[in-house]
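Student: pasted the sequence and its predicted model underneath.
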Protein chains: 2
Amino acid sequence: MAARPARARIRTYAASGVDLAGRARALPELLRAARYTAPASHGRVVEAPGHYAGIVRLDGATIAITTDTVGTKVLLAEALGRWEEVGEDAVAINVNDLASVGARPTAIVDTILCGVADPAVFRGIGRGMRRGLAKARCALVGGETALVAEIVRGLDLGATAVGFFPPRRAPILGQSIRAGDRIVGLPSSGLHANGLTLARRLLAASSVRLDRPRPGGRRPLGRELLAPTRTYSAAIDAVADLPGVVGLAHVSGGGVRNLTRLSRAVRFVLDAWPEPPGLFPWLQGLGGLSVREMFGTFNMGIGFLVVVRPKAEARVREALARAGAPDAIAVGHVERGRGVELPAHGLTFRDYA
Amino acid sequence: MAARPARARIRTYAASGVDLAGRARALPELLRAARYTAPASHGRVVEAPGHYAGIVRLDGATIAITTDTVGTKVLLAEALGRWEEVGEDAVAINVNDLASVGARPTAIVDTILCGVADPAVFRGIGRGMRRGLAKARCALVGGETALVAEIVRGLDLGATAVGFFPPRRAPILGQSIRAGDRIVGLPSSGLHANGLTLARRLLAASSVRLDRPRPGGRRPLGRELLAPTRTYSAAIDAVADLPGVVGLAHVSGGGVRNLTRLSRAVRFVLDAWPEPPGLFPWLQGLGGLSVREMFGTFNMGIGFLVVVRPKAEARVREALARAGAPDAIAVGHVERGRGVELPAHGLTFRDYA
């Protein structure tokens, strides 16, 4: 790992030490080399390249699978000695990805890599996982604890979630999104589990303390950063069968650019995005980051987006409110074109990467 | 991580630096804390505690999920600059676990943790995964590449596999195993992906070279150790619907002790276990390991076990032969009692841990 960049240089996610360009070159090599189509007796893959979850049609059911890790947020958990939040994250980040194709979560398996297995740490992770499982209404059905002191420093935490499509529900992949559709946003609970490498570098390069609130903050900064990812899957499951719900997007790594995973044939115009909570502008100021870097890295206050037909919007928002998301708000609309636009900031993202 | 133990002390898997006792204390804490039962609308979990895969009944299908990492075998891949073998391992170790409950593989997602994503490494992993996918007849439907230079040294590789039970096939969990049943073994292709931390320590403490064959070996030792895990899932899928197949066990970490995961109400007597291939006694001699340590850590030449009713044995072996496993052999039988016995070595394992 490279030495820590000097403060003045940490102006982008890439400069924080995250090798995004390398991944963009390497991953296609793996995917190309691994391409294999199984006989239909082993299930039929529903093609949704670049989407949030893999989907397979079996004889009697269609299932979705997604996997993600908590990433460097575990380093914050370690620094604070609190593990429940990242335990909840491990479930939430995955069920939110399932929700992004309209699947209902059924099962989770977790993977912990560590050198030494600390019972108190494992108990904390388990408690947090239970909160996430209860919110998503799914069960932990297995997992792996790999003792690999030679590979991992501290602990790594990830999970895989499996979901399914209830009878008469098809995957919602965004293909029918069209100009005129509306975009509804569900607020986030903080940074969730994305952009933590950048945030931690910004903090380390300044003299900010984790045990005190930031200016304008109500909790100690460490606790504010560690807040678990909001679980959206139950609210989304409650609207996925309504007519007029045409696209779903978890605002995870890559921020609002995630919308381009749904369709490259339209332009998502986020002209009613609310003012981001104070944590985001404070982080931005700490590192002198551009607004482009902020919206392309963090969730900026909205963690999940629902694209709906105009006449379905009111009914969808009512259903979201009944299912635990009364705070859903209109954040934009769809136009002809391509990419994601934030007119108030003069920003356009053409692609996900 | 502790300093490398001096040569004379590396007589057990635990002494190789793998914190088995810590995991045995910590993991139950997580499982207890995370316990949650979801409403039936999210699927019904089939209870199979300690088994190889989690199983969930959905409305139209029953699915199985399992997750595992290649562990420290990646360090050998790195030392040799060869990644195809561990790519194949990542698939094989998981589909073999699915086979252990009688499930047919349908989909894989992989997880790679690294600091820098090297295109050549990713291509190698992808090529190996394709071999595993083709043998198991399932597709790669997603994955995660986490750029976590602060957490991982080098690269970690794991995967999750999802399978299903074809119409009229129930999960095969071993509950009906009884005295008199026969045990058929399928040979392994080498160490597979288990016990590598111990094997690597033994080599490092001696002056053995990886680029030359060991005494009696035919390939350079590094290549012999790196040989990919044999994929058993297609052969097992071909016999899982035959009457009289009552138990299935992947001989992975824990060696023959894995049989106790199927039933604690019988005694598995391995009285016809073949002489292990030369690699195993050579490793044993290198470290002065006990035969108990060897059989409780490595697969000792047999990577998968099938428990069958006596009158089903011939038919099962014929079907295995037609499905790519003509080398299946009788290795033992089931008696009243408990645990696993190797009479030729005077060994008994009472439990898995």
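Tutor: Sure, I can see it. Numbers count the residues shown, from 1 in each chain, chains lettered A, B, ... in the order given.

Student: report the buried residues of stretch A:295-314.
Tutor: Buried residues in stretch A:295-314, counting neighbours by 16 or more other Cβ atoms under 10 Å in any protein chain shown, are found at A:295-309, A:312-313. All C-beta spots, glycine's among them, are computed from the backbone N, C-alpha and C.

Student: just stretch A:274-287 next, same as before
Tutor: Buried residues in stretch A:274-287 (16+ other Cβ under 10 Å): A:Pro276, A:Pro277, A:Leu279, A:Phe280, A:Trp282, A:Leu283, A:Gln284, A:Leu286, A:Gly287.

Student: doesn't A:Ile302 make contact with the fourth one?
Tutor: Same thing as A:Phe280. No - the criterion here is Cβ atoms under 8 Å, and A:Phe280 misses it with A:Ile302 at 10.8 Å.

Student: need the contact list for the residue of chain A most remote from its centre.
Tutor: Here chain A reaches farthest from its C-alpha mean at A:Ser41, the gap being 33.0 Å by Cα atoms, centre = their mean. By Cβ atoms under 8 Å, 6 or more residues apart in numbering or on different chains, the residues touching A:Ser41 are B:Arg104, B:Arg137, B:Pro166.

Student: with A:Gly22 instead?
Tutor: Taking Cβ under 8 Å, 6+ apart, one finds B:Val116, B:Ala117, B:Asp118, B:Leu147 in contact with A:Gly22.

Student: ok, now with 10 Å
Tutor: Neighbouring residues of A:Gly22 by Cβ atoms under 10 Å, 6 or more residues apart in numbering or on different chains: A:Ala14, B:Cys114, B:Gly115, B:Val116, B:Ala117, B:Asp118, B:Pro119, B:Phe122, B:Thr145, B:Leu147.

Student: I'd like those residues written out as CSV, with distance to B:Pro49 added.
Tutor: Putting those into CSV (distance: Cβ to Cβ, whole Å) gives the following:
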residue, distance to B:Pro49
A:Ala14, 45
B:Cys114, 34
B:Gly115, 37
B:Val116, 40
B:Ala117, 37
B:Asp118, 40
B:Pro119, 42
B:Phe122, 36
B:Thr145, 32
B:Leu147, 35
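
Student: can you tell me the SS state at A:Thr203?
Tutor: Not Thr; residue A:203 is Leu. The three-state label for A:Leu203, taken from DSSP: H, G, I helix; E, B strand; the rest coil, comes out as helix.

Student: was I right about it contacting A:Thr197?
Tutor: No - judged on Cβ atoms under 10 Å, A:Leu203 makes no contact with A:Thr197 at a distance of 11.1 Å.

Student: shouldn't A:Arg23 be within a helix?
Tutor: Yes - A:Arg23 sits within a helix when classified using three-state DSSP.

Student: what's the pLDDT at the nearest residue to it once chain neighbours are set aside?
Tutor: Nearest non-adjacent residue to A:Arg23, counting by Cβ to Cβ, 6 or more residues apart in numbering or on different chains: B:Ala117, 4.3 Å away. Taken from the predicted model, the pLDDT recorded for B:Ala117 is 95.

Student: so how far is the helix ranked longest in chain A off the chain centroid?
Tutor: Of all the segments of type helix in chain A, defined by DSSP state H, the longest one is helix A:119-136. Offset of helix A:119-136 from its chain centre (Cα atoms, centre = their mean, to the nearest Å): 19 Å.

Student: from the buried residues of stretch A:274-287, which two are the most distant?
Tutor: Greatest spatial distance in those: A:Pro277 and A:Gly287, 17.1 Å, computed using Cβ to Cβ.

Student: follow-up on the earlier one: mind checking which of the buried residues of stretch A:295-314 are in helices?
Tutor: Using DSSP H, the buried residues of stretch A:295-314 in helices are A:Phe295, A:Glu313.

Student: just the pLDDT for A:Ala2.
Tutor: Model confidence at A:Ala2 (pLDDT) stands at 35.

Student: repeat that for A:Arg9.
Tutor: Looking at A:Arg9, its pLDDT is 51.
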